[in-house]
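*Asks:* Sequence and predicted structure, then a few things I'm wondering about:
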Amino acid sequence: MNITLRQLRVFLAVAQQQNFSRAGEAVGLTQPAVSRSITDLEQQLGLQLLHRSTRDVELSDAGRMLQGRVTRVLDELDAALLEVRGLATQPHGRVRVASSPTLSAHLMPECIARCAQQHPGLQLQLLDRIQQGALDSVRAGEVDFGVVIEPTEPEDLHCETILSEPFCLVCPAGHALAGLREVHWRDLAGHPLVLLDHASGSRRLIDRALEQHAPGYQVVQEVGHTTTIFSMVQAGLGVAVVPQLAVAEQGMASAGLAHRVLLPVVERQIMLVHRRHRRLAPVVQRVWDLVRGVAQERASPLTETAPPGR
């Protein structure tokens with residue numbers, strides 16, 4: 001039988017109104033359309049559902065049985081559809097996000113805490129990966145989206161920049177560079193550098209700036225995390241170039257360190273990425289928007305403490 005939901009809803013309207021015209025007004029159809037729908041339904045079932053008169057209609061025994069059963073079935077169907085539709089408006093479930101290490105350490109913890117506070121039924125699960133690993137996870141569908149530094153090959157990805165942040169010098173508070181009001185990239189020449197390694201999405205941007213403004217620079221240590229960089233700088237092993245987010249999260253003065261935004265300003269772009277031509281599920285979109293919002297709150301200029309003169 002090829003019976004449609006529309007035919008069943010029209011039948012219930014007729015059964016309730018006991019009149020074709022009033023039933024048509026209830027379901028938004030003309031009286032002839034209601035009559036055709038009922039006739040088609042009866043033909044599909046091979047039974048007469050209604051006794052028609054010139055003014056009113058009356059249910060047959062088969063019609064009364066069908067009314068009771070169909071009413072319950074359609075009520076359950078409506079409840080199920082409302083429950084499923086609620087998934088789009090009430091966030092529940094798990095959203096997996098891949099993030100590169102500096103962002104995992106200095107941006108994502110607040111995003112996870114904010115998500116738990118604003119959407120208790122929604123779990124943001126973080127995969128902390130090196131830049132390429134995070135991008136690979138996105139491309140493989142292992143995660144819903146990634147938070148990365150601008151990728152070099154974004155052709156198969158949808159990318160949205162959520163924050164642009166400058167690179168900063170970090171050095172011991174008593175270092176000669178800390179005595180400068182303005183620190184230029186060229187001032188780094190001749191100083192041993194502690195940098196993020198090449199697995200970081202930031203390293204190629206740092207290298208490019210150093211090659212352009214401070215040729216002959218010397219890298220003495222390459223590590224995977226900014227926390228290690230700060231420890232090495234505290235130990236006097238060199239000075240460092242790190243993203244602003246890492247500086248903002250670190251208590252510079254209490255650690256005996258100083259920081260300056262390097263001039264000319266060189267920025268890295270923090271991006272949200274997902275596979276191109278893949279629409280985000282509503283709960284994923286909520287987390288995407290949340291991460292964007294937290295990042296934009298971090299976009300205020302970094303406050304520096306600088307000496308009175310150069």
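*Replies:* Noted; the coordinates are in hand.

*Asks:* Please export the C-alpha coordinates of stretch 163-171 as CSV.
*Replies:* The C-alpha trace of stretch 163-171 is given here as CSV (Å, rounded to 0.1, in the frame of the first residue of the first chain):
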residue,chain,number,x,y,z
LEU,A,163,42.8,35.7,15.7
SER,A,164,45.9,37.4,14.4
GLU,A,165,48.6,37.7,17.0
PRO,A,166,52.2,39.0,16.8
PHE,A,167,55.4,37.3,17.8
CYS,A,168,57.2,38.5,20.9
LEU,A,169,60.7,38.4,22.3
VAL,A,170,61.1,36.7,25.7
CYS,A,171,64.3,37.2,27.6
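
*Asks:* Give me the distance between residue 180 and residue 258.
*Replies:* Distance of residue 180 to residue 258, computed by C-beta to C-beta, to the nearest Å: 10 Å. Using the backbone N, CA and C atoms, a C-beta is placed for each residue, glycine as well.

*Asks:* Compare the two and say which is more crowded by neighbours.
*Replies:* Using other C-beta atoms under 10 Å, the more surrounded residue of residue 180 and residue 258 is residue 258, with 25 against 17.

*Asks:* Residue 215 versus residue 189, what's the distance?
*Replies:* 7 Å.

*Asks:* of the two, who's got more company?
*Replies:* Taking neighbours as other C-beta under 10 Å, residue 189 and residue 215 compare with residue 189 leading, 15 against 9.

*Asks:* quick one: low-confidence parts of the stretch 201-310 of the chain?
*Replies:* The stretch 201-310 of the chain contains residues with pLDDT under 70 at 248-251, 253-254, 300-310.

*Asks:* mind listing the strands for it?
*Replies:* 218-223, 239-243, 257-263, 267-275 (DSSP state E, counting those that start in this stretch).

*Asks:* Quickly compare those and say which is most buried.
*Replies:* strand 239-243 (a mean of 26; mean count of other C-beta atoms under 10 Å).

*Asks:* what's in contact with it?
*Replies:* Identification of contacts with strand 239-243 by C-beta atoms under 8 Å, 6 or more residues apart in numbering yields 102, 106, 165-171, 175, 177, 188, 191-196, 202, 206, 210, 226, 229-230, 232-233, 262, 268.

*Asks:* okay, the angle between it and strand 218-223?
*Replies:* Strand 239-243 and strand 218-223 are oriented at 50 degrees to each other (axes from the mean of the first three to the mean of the last three C-alpha atoms, to 10 degrees).
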